[in-house]
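Participant: build the 3D model from these lines:
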Amino acid sequence: MTRHGHPATHYLKPGEMLLSRVPSLITTVLGSCISITMHHKPTGLSIICHAVMPVREESRNKREDGKDIFQFVDSSIEWMVSQYEKTHIRPSALEVKMFGGAAMFSTGDSAVIDIGVGKRNIETALEILGSHAIELKAWNMGGNQGRKLIFNTLTGDVLTRFITKAAVYREIDSRGKK
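Facilitator: So this is what the prediction gives:
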């Protein structure tokens, strides 16, 4: 909470993760990337990721120091689950939601070319979540439109709306120029 009693606000960029124990509103914009939110109602411990690519081990550009783990769906989810396990919170006690994974890449004539990044992000996330016996409470995935999300860490609610590709790029560009 801010000193005026309003929740803190944050913008989550691609490849970032945010863990919060205080009421916050976290906004992000997705195309082929995915966001997973995890919320533990009794403690208020909430985490959101904005993962770009599916599998870290398959990346030719992975960093040896491990500082890129939040870029990837698999390592992001493993990190999120580990944070709850450190506080003895079972994955089955979490409210988990997933968003994004659109086919966003196109040619100049505006025809969508699905190179499979969004689909592979979704498949990887479902596989990793399944390996931890985590079921999704809500999701909005796939398609060919971007999404804007607002995650309320106090309640675990996620507001989402579709946006055009041009709006996705404008939003990301304006946030990157801070």
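Participant: where does Ser92 land in three-state SS?
Facilitator: Following DSSP: H, G, I helix; E, B strand; the rest coil, Ser92 is assigned to helix.
Participant: got a pLDDT number for it?
Facilitator: At Ser92, the model reports a pLDDT of 94.
Participant: next one: Glu57
Facilitator: pLDDT, Glu57: 76.
Participant: which one is it nearest to, not counting chain neighbours?
Facilitator: Distances taken as C-beta to C-beta, 6 or more residues apart in numbering put Asp74 closest to Glu57, at 7.8 Å, once the chain neighbours are dropped. All C-beta spots, glycine's among them, are computed from the backbone N, C-alpha and C.
Participant: OK, contacts around that neighbour?
Facilitator: When contacts are counted by C-beta atoms under 8 Å, 6 or more residues apart in numbering, Asp74 touches Pro54, Val55, Arg56, Glu57, Thr124, Ile128.
Participant: please repeat the previous calculation with a cut-off of 6 Å.
Facilitator: Residues counted as contacts of Asp74 (C-beta atoms under 6 Å, 6 or more residues apart in numbering) are Val55, Arg56, Thr124, Ile128.
Participant: now flag whichever of those is closest to Arg147.
Facilitator: Comparing the contacts of Asp74 against Arg147 with C-beta to C-beta picks out Thr124 as the nearest, at 18.2 Å.
Participant: test my guess that the closest one contacts Val73.
Facilitator: Yes - Thr124 is within contact range of Val73, at 4.5 Å (criterion: C-beta atoms under 6 Å).
Participant: so what sits against both of these two?
Facilitator: By C-beta under 6 Å, 6+ apart, Thr124 and Val73 have these common neighbours: Pro54.
Participant: out of the two, which sits in the busier spot?
Facilitator: Each of Thr124 and Val73 has its neighbours counted (other C-beta atoms under 10 Å); Val73 has more, 30 against 22.
Participant: what pLDDT does the residue nearest to Glu57 get?
Facilitator: Confidence at Asp74, expressed as pLDDT, is 96.
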